[in-house]
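> What follows is a protein structure lacking sequence information:
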């Protein structure tokens, strides 16, 4: 079993949680008290991590929210990753996907330089854009399969996402470290994707602000072992008046459905 899966499964078993906390800090939205800090992104993230670590199965910082602040933002990301407890896995939401040599460089950056346990990938350019990440045997890759945004209608539906799901399953069978990103607003399709990908982990954004229904999502996403999924919440937790309570509320709601 690879490093990511080992850490994640231990975390799920120990904490009884399937909550992925999205660390998508935006300086325009964080509380004013943090804006007065010399390192507001890092201090805000530390606050969220301290508040939610008992309910978090993993953390998922989105690279864009740090890149937009240039080098200080990337430094805040690196410091945030070091602050996360070592027993909690990290998914770097980078949505990478480019030709082979470029993907090799991206994979090195994500897994070696930033030290993330897992990554999100865009599969449009095909297998040679994905395999450089899968070759990191101790890490995990979540490949975009069917997303929650309106633009999903442009290419992913009605049939392309099924081909992507089948390819993800093929990579999972060959490498053992590949899962899928599926939006929570697509519950009918999610059931079909779970049939194509019976065991691998599904990373599921879209609950709450995007309108996804938790009960239908959990029922559609869980595998035969009543596991194999992560419910991501970013804004709904990190900008809540009480992030700890909000994370625990989501944790308990998921467990009740199981």
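Yep, that arrived. Keep in mind the model is a prediction, meaning the values are calculated, not measured. Numbering: from 1, shown residues only.

> What segments of the protein are strands?
19-22, 56-60, 91-96, 118-121, 140-146, 178-182, 202-204, 229-233 (DSSP state E).

> what sits up against the last one?
Defining contact as Cβ atoms under 8 Å, 6 or more residues apart in numbering, one finds that strand 229-233 is touched by 18-22, 57-58, 60, 184, 201-205, 207-208, 214, 217-218, 221-223, 246-247, 250, 254. Placement of C-beta: from N, CA and C, glycine included.

> And these, which of them are buried?
Burial by neighbour count, judged by 16 or more other Cβ atoms under 10 Å, picks out 18-22, 57-58, 60, 184, 201-205, 207-208, 214, 217-218, 221-222, 246-247, 250, 254 from the contacts of strand 229-233.

> Tell me which of the strands of the chain approaches residue 109 most closely.
Closest approach to residue 109 among these is made by strand 91-96 (8.5 Å; Cβ to Cβ).

> now that closest one, how far from the centre of its chain.
Averaging C-alpha positions (Cα atoms, centre = their mean, to the nearest Å) puts strand 91-96 8 Å from its chain's average.

> helices and strands around that strand, which ones?
Applying 3 or more Cβ pairs under 8 Å, 6 or more residues apart in numbering; DSSP states H and E, we find strand 91-96 packed against strand 56-60, helix 100-107, strand 118-121, strand 140-146.

> Direction included, what does the last one pair against?
In this case it means strand 140-146. Using DSSP bridges, strand 140-146 pairs in its sheet with strand 118-121 (parallel), strand 178-182 (parallel).

> how about these in CSV, adding distance to residue 84, mean neighbour count and mean pLDDT?
Listed next are these as CSV, based on distance: least, Cβ to Cβ, whole Å; neighbours: other Cβ atoms under 10 Å; pLDDT from 0 to 100:
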stretch, distance to residue 84, mean neighbour count, mean pLDDT
strand 118-121, 13, 27, 98
strand 178-182, 20, 27, 98
